[in-house]
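S.K.: Got a sequence here, can you model it:
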Amino acid sequence: MTDSPYPILDPAYPIPALKHLCALAVMAKAPRPGKVKTRLSPPLTLEQTAALNIRFLRDTTENLAAVPFGAGLISYTPVGDEGLFEGLLPETFALVPQRGEAFGERLLAAAEDILAIGYAAVCLIDSDSPTVPHAAFAEAVAILRGEKADVVLGPSHDGGYYLIGLRHPHPEPFQNITWSTGSVLEETIQQCRQANLKVHLLPTWYDVDDAATLTILESELLHGKPPAFATFGGYPAPHTKALLTTLTVVQQA
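M.R.: Model (predicted):
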């Protein structure tokens with residue numbers, strides 16, 4: 001493994017001092033052009049999509065770093081690209097390598113590994129939602145630390161979720177799910193019910209993964225128009241906003 005700018009945690013070596021914290025783990029690929037946010041090209045170039053991905057990471061991790069009783073992590077892939085995260089994350093963040101093949105396998109493996117490291121709970125968070133309200137993350141941590149639910153889900157307006165939180169590595173929420181479809185949230189809730197797992201739902205938000213949702217993001221950050229489904233204001237995402245201002249000029253030229 002290459003030198004890393006941040007600590008790399010290993011589930012084989014638990015850290016007892018973490019037992020009062022909830023891990024807030026962003027599921028992320030190393031930001032290489034052509035490997036991240038490719039569904040945004042077009043309208044953006046692959047270089048622009050990689051730049052946008054970096055801004056998403058900066059905003060999301062800065063948002064998470066301020067959550068009480070939260071501990072920021074990046075669950076990353078591929079191993080060997082740790083250096084690409086240098087300078088992008090708050091100093092308090094650490095890295096945990098992803099493992100597994102299919103998406104559900106990777107999510108479950110991330111939950112297993114992070115809980116084995118010693119955290120009281122874990123929230124697995126997408127890297128595509130830079131304006132998730134800070135209060136939503138704080139609510140997830142409070143629910144899990146208070147043992148008020150077995151599973152916390154942050155619904156996305158497209159039928160998926162931007163966050164799944166657990167206190168134990170239950171496999172059921174990741175089994176028999178038709179990933180990358182509009183039924184992911186519904187199927188996950190059904191799997192939890194069948195396993196007698198209590199679910200808590202956070203406010204609905206959105207993922208930015210295509211031209212349509214990029215338009216929603218631009219309306220929110222550049223024009224002050226919150227999404228129609230929003231019940232309260234989103235995170236201001238200053239790094240993303242600054243880049244969008246530039247990208248808008250490029251697109252209109």
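S.K.: Strands along the protein, start to end?
M.R.: Along the chain, the stretches classed as strands by DSSP state E are 22-29, 70-77, 94-97, 121-125, 151-155, 161-166, 199-201.
S.K.: Which strands and helices lie in contact with the shortest one?
M.R.: Read that as strand 199-201. If you count contacts as 3 or more Cβ pairs under 8 Å, 6 or more residues apart in numbering; DSSP states H and E, strand 199-201 packs onto strand 151-155, helix 184-194. Yep, even glycine has a C-beta here, placed from its N, CA and C like the rest.
S.K.: Next, format the ones you listed as JSON lines and append mean neighbour count, distance to residue 106 and mean pLDDT.
M.R.: Shown next, in JSON lines, are the helices and strands packed on strand 199-201 (neighbours: other Cβ atoms under 10 Å; distance: least, Cβ to Cβ, whole Å; pLDDT from 0 to 100):
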{"stretch": "strand 151-155", "mean neighbour count": "25", "distance to residue 106": "17", "mean pLDDT": "98"}
{"stretch": "helix 184-194", "mean neighbour count": "18", "distance to residue 106": "14", "mean pLDDT": "98"}
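S.K.: Of all those, which one comes closest to residue 219?
M.R.: Smallest distance to residue 219 across the helices and strands packed on strand 199-201 (Cβ to Cβ): 20.0 Å, for strand 151-155.
S.K.: Direction included, what does the closest one pair up with?
M.R.: Applying DSSP bridges, strand 151-155 is found paired with strand 161-166 (antiparallel), strand 199-201 (parallel).
S.K.: Please report how far residue 205 lies from residue 123.
M.R.: With distances taken as Cβ to Cβ, to the nearest Å, residue 205 is found 14 Å from residue 123.
S.K.: Just want to know which of those two has more residues nearby.
M.R.: The neighbour count for residue 205 versus residue 123, taken as other Cβ atoms under 10 Å, is higher for residue 123 (28 against 24).
S.K.: Please name the nearest non-neighbouring residue to that one.
M.R.: residue 165 (4.0 Å; Cβ to Cβ, 6 or more residues apart in numbering).
S.K.: Verify the contact between that neighbour and residue 120 for me.
M.R.: No. Look at residue 165 against residue 120 with Cβ atoms under 8 Å: they stay out of range, at 11.0 Å.
S.K.: okay, and the common contacts of the two?
M.R.: Common contacts of residue 165 and residue 120, defined by Cβ atoms under 8 Å, 6 or more residues apart in numbering, comprise 22, 144.
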